[in-house]
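*Asks:* Predicted model and sequence below, questions to follow.
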Amino acid sequence: MLKRIAFLILSFQIVVVSVSHGQISIVGDLSQDRDARPGEKYEGSIVLRNESNEPQEAKIYQTDYLFKYDGTNNYADPGTVPRSNAKWIAFSPSYATVPPQGSTTITFTVTIPPNTEMKKLVGSYWSMLMVEGIPKGSGESSHPTDPKKTQMGIRQTIRYGIQIATHIAQTGVKSVKFLDTKLISKNPGERFLQVDIEDNGDVGFRPDMYVELFDAKGVSIGKFYGSKYRLYPGTSVRQVIDLSKVPSGTYKAMIVVDGGGDDIFGAQNTLKF
């Protein structure tokens with residue numbers, strides 16, 4: 001569930017549709033990362049699975065992808081974001097029919113351009129392959145609607161976004177900027193530390209994040225962890241860390257973003273509640 005939650009997109013339309021409950025799903029991770037060097041080429045694949053007893057159709061296409069701490073997402077045209085690798089990617093097919101209780105594989109090739117005097121590749125580049133189910137009876141479907149089975153209803157369209165990230169090997173630096181930190185309360189008796197962070201480096205990564213609290217004597221009362229979110233250069237996320245069980249008082253808070261190895265970033269705050 002954690003692998004899919006961020007990139008499963010639902011849209012709804014009120015239309016005349018035939019009744020069909022089958023859907024396509026993605027087998028495996030919704031992100032594929034690879035270290036590579038300029039001038040190299042690598043391949044990958046995406047497996048579509050149909051658990052229904054009827055054929056299911058899907059279209060496959062590209063978008064760029066950016067996200068911000070406030071929850072906004074930008075699925076821009078492929079190749080328009082400065083760090084997009086969409087133009088490096090060739091994939092096939094762009095349309096698939098997945099047989100009942102069966103699978104179909106989408107293959108892709110990533111060809112990294114060589115460095116030139118004008119441009120040298122540094123850090124991480126990424127984009128999305130979108131897999132969108134085609135409802136039966138829609139204008140894009142090859143399966144016509146049976147007039148005897150049509151009814152007024154809601155058509156649900158499911159899209160999966162698979163991130164294809166290329167990290168130029170042994171280049172770039174990780175860096176994090178702390179945008180905002182504040183205590184918030186959603187319900188009586190609850191308190192949370194809300195921290196907005198931005199990747200202002202060259203490299204995409206999934207850091208661990210926690211806050212360690214120290215009392216007036218400098219004694220640590222524990223580490224409180226956030227979620228392990230993915231960051232790309234120029235993107236930002238919001239961490240909400242539960243401190244509801246911490247006794248009231250004044251604490252020194254060391255907020256830590258741990259990117260592994262020597263890539264550890266911190267900010268210090270005083271919290272009073």
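*Replies:* Good, I have the coordinates. For clarity, every value in this text was computed on a predicted model and none was experimentally measured.

*Asks:* Doesn't Lys87 lie inside a helix?
*Replies:* Yes - assessed with DSSP: H, G, I helix; E, B strand; the rest coil, Lys87 lies in a helix.

*Asks:* tell me, how many neighbours does the nearest residue to it once chain neighbours are set aside end up with?
*Replies:* Among residues not flanking Lys87 along the chain, Gly79 sits closest, at 4.6 Å (CB to CB, 6 or more residues apart in numbering). Bear in mind the C-beta positions are built from the backbone N, C-alpha and C, glycine included. Taking other CB atoms under 10 Å as the criterion, the count of residues near Gly79 is 15.

*Asks:* Likewise for Asp263?
*Replies:* 16.

*Asks:* Surely it and Asp199 touch.
*Replies:* No - the pair Asp263 and Asp199 fails to qualify as a contact (CB atoms under 8 Å) at a distance of 11.4 Å.

*Asks:* Quickly list what's touching both of the two.
*Replies:* Residues within reach of Asp263 and of Asp199 at once, by CB atoms under 8 Å, 6 or more residues apart in numbering, are 174, 205.

*Asks:* Show me where the stretch 101-250 of the chain has its strands.
*Replies:* 103-111, 124-134, 150-168, 176-184, 192-199, 208-214, 220-225, 236-242, 250-258 (DSSP state E, counting those that start in this stretch).

*Asks:* Adding mean pLDDT and mean neighbour count, write these out as JSON lines.
*Replies:* Formatted as JSON lines, those follow (pLDDT from 0 to 100; neighbours: other CB atoms under 10 Å):
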{"stretch": "strand 103-111", "mean pLDDT": "98", "mean neighbour count": "16"}
{"stretch": "strand 124-134", "mean pLDDT": "97", "mean neighbour count": "23"}
{"stretch": "strand 150-168", "mean pLDDT": "79", "mean neighbour count": "17"}
{"stretch": "strand 176-184", "mean pLDDT": "97", "mean neighbour count": "14"}
{"stretch": "strand 192-199", "mean pLDDT": "98", "mean neighbour count": "21"}
{"stretch": "strand 208-214", "mean pLDDT": "98", "mean neighbour count": "18"}
{"stretch": "strand 220-225", "mean pLDDT": "98", "mean neighbour count": "14"}
{"stretch": "strand 236-242", "mean pLDDT": "98", "mean neighbour count": "18"}
{"stretch": "strand 250-258", "mean pLDDT": "98", "mean neighbour count": "18"}
